[in-house]
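Enquirer: Kindly generate the corresponding structure for this input.
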Amino acid sequence: MALLRFHWDFFGPDALTTAEHFLKHIDEFCARESVTGYRHWTVQLPVRCSAVLECDEKHLELIRDALRPVRGERVLES
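Expert: Numbering: from 1, shown residues only. Next up, the predicted model:
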């Protein structure tokens with residue numbers, strides 16, 4: 001099954017702190033909804049910080065509808 005990456009962007013001087021805190025909520029959500037085998041991290045860019053969740057494609061509708069990421073992408077399998 002393909003992997004998907006979902007992204008949430010945060011702006012301003014506290015963007016990194018906010019993104020890291022958001023990952024705690026991702027953990028809580030995944031535990032509550034039985035999403036397993038996921039990974040998450042933050043990416044700091046010059047104008048924003050993004051929280052990223054990577055999980056199996058089977059969780060697409062759940063993540064999209066409940067957490068409303070700003071964008072998503074399919075990870076190419078090698």
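Enquirer: could you measure A15 against P46, distance?
Expert: Here A15 is placed at a distance of 11 Å from P46 (C-beta to C-beta, to the nearest Å). Heads up, the C-betas are built off the backbone N, CA and C, glycines and all.
Enquirer: With neighbour numbers in mind, choose between these two.
Expert: More crowded of A15 and P46, by other C-beta atoms under 10 Å: A15, with 19 against 4.
Enquirer: Please report phi then psi for the spatially most central residue of the chain.
Expert: Closest to where the C-alpha atoms of the chain average out (C-alpha atoms, centre = their mean) is L53, at 2.6 Å. Dihedral angles of L53 (phi, psi; degrees, to the nearest 10) stand at phi -120, psi 130.
Enquirer: dump the residue contacts of it.
Expert: R5, F6, I26, Y38, R39, H40, I63, L67, P69 (C-beta atoms under 8 Å, 6 or more residues apart in numbering).
Enquirer: What mean pLDDT does the longest helix anywhere in the chain get?
Expert: Of all segments of type helix in the chain, defined using DSSP state H, the longest is helix 15-32. Mean per-residue pLDDT for helix 15-32: 98.
Enquirer: can you give me the helices in this structure?
Expert: Using DSSP H, the helices of the chain run over 15-32, 60-67.
Enquirer: next one: the first one to chain centre, how far?
Expert: Read that as helix 15-32. The chain centre lies 9 Å from the centre of helix 15-32; the measure is C-alpha atoms, centre = their mean, to the nearest Å.
Enquirer: And for stretch 50-60?
Expert: In terms of C-alpha atoms, centre = their mean, the centre of stretch 50-60 is found 6 Å from the chain centre.
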